[in-house]
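Participant: A predicted structure for the sequence below; I have some questions about it.
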Amino acid sequence: MKISLKKVIVTWGIVFGILSQCVPVTRIYAAQNAYEICDSVQQKIDKALSINGNNKEYIDEIIERFYQDIHTDEEGFNEYLDMALDSILDMEDTKNEKYLIALRDYIEKNREQQNSQVLNANSRITGYPAAVGAYKLGIAIVRNRGCKYTANYMEHALEFSGNSSPSTYVHHNDDWARELSCNFYLGCQIAMQFEEEVIGQDKAYGEVHGSFAFTSDNSSLDAFAALHNVDYSVIFTRKGDGTYSALYKLSDVYDFDWSGYDNFEIGFANNYCYMMQEMNWIKPFPIDIFYSV
């Protein structure tokens with residue numbers, strides 16, 4: 001489907017109108033109007049929550065948007081929820097696949113280190129304090145360069161014991177979620193999809209999804225350093241005045257793969273992470289980012 005430049009400009013104006021607000025909305029839940037959730041949709045809710053408990057507040061917001069913006073009937077309510085839950089489950093599948101790949105690489109490196117004749121038990125014991133000390137120095141340098149969230153992720157990678165892994169790092173309507181969701185270039189990409197899949201079909205609600213790479217040219221240094229190709233989903237609902245509200249979910253896996261960064265400005269970060277990664281003293285972890293406008 002060919003989309004004209006005029007349409008893109010008009011659609012971007014609509015999306016920019018949403019993004020220009022870029023403040024968390026006041027949450028309103030009309031409990032007295034609650035419809036019954038059908039069994040098949042409830043099963044998807046249960047599955048989404050069993051996979052990732054962080055989805056609960058997001059699902060609550062999705063339900064609230066129906067009562068706030070759409071409020072048709074019970075059938076429409078379940079159709080809307082079904083669409084949203086399919087998106088959530090698809091994103092969880094994609095994130096889990098990326099996470100399993102990162103863990104597989106971690107396990108393979110750990111096996112190589114265990115089989116190495118060079119890195120014996122004594123070297124691991126004596127090397128750990130020095131490596132962690134250097135790593136924490138790297139974190140301080142990253143933070144001083146203005147990359148607050150990259151530094152936070154680096155710190156979080158240390159927070160595990162034994163065979164466990166760091167927990168999922170969650171952002172919900174905070175400053176970081178706002179910066180990423182309101183990125184101009186991400187907004188342009190979403191605007192094209194919004195025109196074709198929602199506005200173009202005159203839908204009262206709809207969902208668009210895809211992936212987006214934060215680079216040194218299209219984002220802050222912090223976003224560039226902290227994230228790779230994020231996966232995103234945006235659920236739009238049409239309000240009474242004809243404009244749309246939006247619920248964003250972005251996800252990624254923090255896996256220390258610095259090779260994916262073009263001319264990475266914080267070159268020292270690679271050096272500080274390298275030994276920690278090779279010795280398996282830091283582990284990858286998922287990132288969930290939620291934002292409501």
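Facilitator: Sure thing, it's come through.
Participant: could you list the low-confidence segments of the chain?
Facilitator: 1-33, 109-126, 161, 257-275 (pLDDT under 70).
Participant: run the last query once more with 50
Facilitator: 1-6, 8-9, 12, 16, 23-32, 117-118, 121-122, 125, 262-265 (pLDDT under 50).
Participant: tell me which strands and helices the biggest helix by length in it is in contact with?
Facilitator: Secondary structure assigned by DSSP state H gives helix 74-115 as the longest helix of the chain. When contacts are defined as 3 or more CB pairs under 8 Å, 6 or more residues apart in numbering; DSSP states H and E, helix 74-115 packs onto helix 39-51, helix 55-65, strand 205-213, strand 229-238, strand 244-254, helix 267-278. Where C-beta positions appear, they are placed from N, C-alpha and C, glycine not excepted.
Participant: any chance of JSON lines for the ones you listed, columns mean neighbour count and distance to Tyr80?
Facilitator: Putting those into JSON lines (neighbours: other CB atoms under 10 Å; distance: least, CB to CB, whole Å) gives the following:
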{"stretch": "helix 39-51", "mean neighbour count": "14", "distance to Tyr80": "10"}
{"stretch": "helix 55-65", "mean neighbour count": "19", "distance to Tyr80": "8"}
{"stretch": "strand 205-213", "mean neighbour count": "18", "distance to Tyr80": "6"}
{"stretch": "strand 229-238", "mean neighbour count": "21", "distance to Tyr80": "8"}
{"stretch": "strand 244-254", "mean neighbour count": "23", "distance to Tyr80": "12"}
{"stretch": "helix 267-278", "mean neighbour count": "17", "distance to Tyr80": "43"}
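Participant: export those to CSV and tack on distance to Glu97?
Facilitator: Listed next are these as CSV, based on distance: least, CB to CB, whole Å:
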stretch, distance to Glu97
helix 39-51, 13
helix 55-65, 17
strand 205-213, 13
strand 229-238, 10
strand 244-254, 9
helix 267-278, 21
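Participant: of all those, which one is nearest Ser164?
Facilitator: Nearest to Ser164 among the helices and strands packed on helix 74-115 is strand 244-254 (15.8 Å), distances taken as CB to CB.
Participant: partners of that closest one in the sheet?
Facilitator: strand 229-238 (antiparallel), strand 285-292 (antiparallel) (DSSP bridges).
Participant: Met91 against Lys249, yeah?
Facilitator: Yes: the criterion here is CB atoms under 8 Å, and Met91 meets it with Lys249 at 6.4 Å.
Participant: what sits in contact with each of those two?
Facilitator: Shared between the contact lists of Met91 and Lys249 (criterion: CB atoms under 8 Å, 6 or more residues apart in numbering) are residues Ser233.
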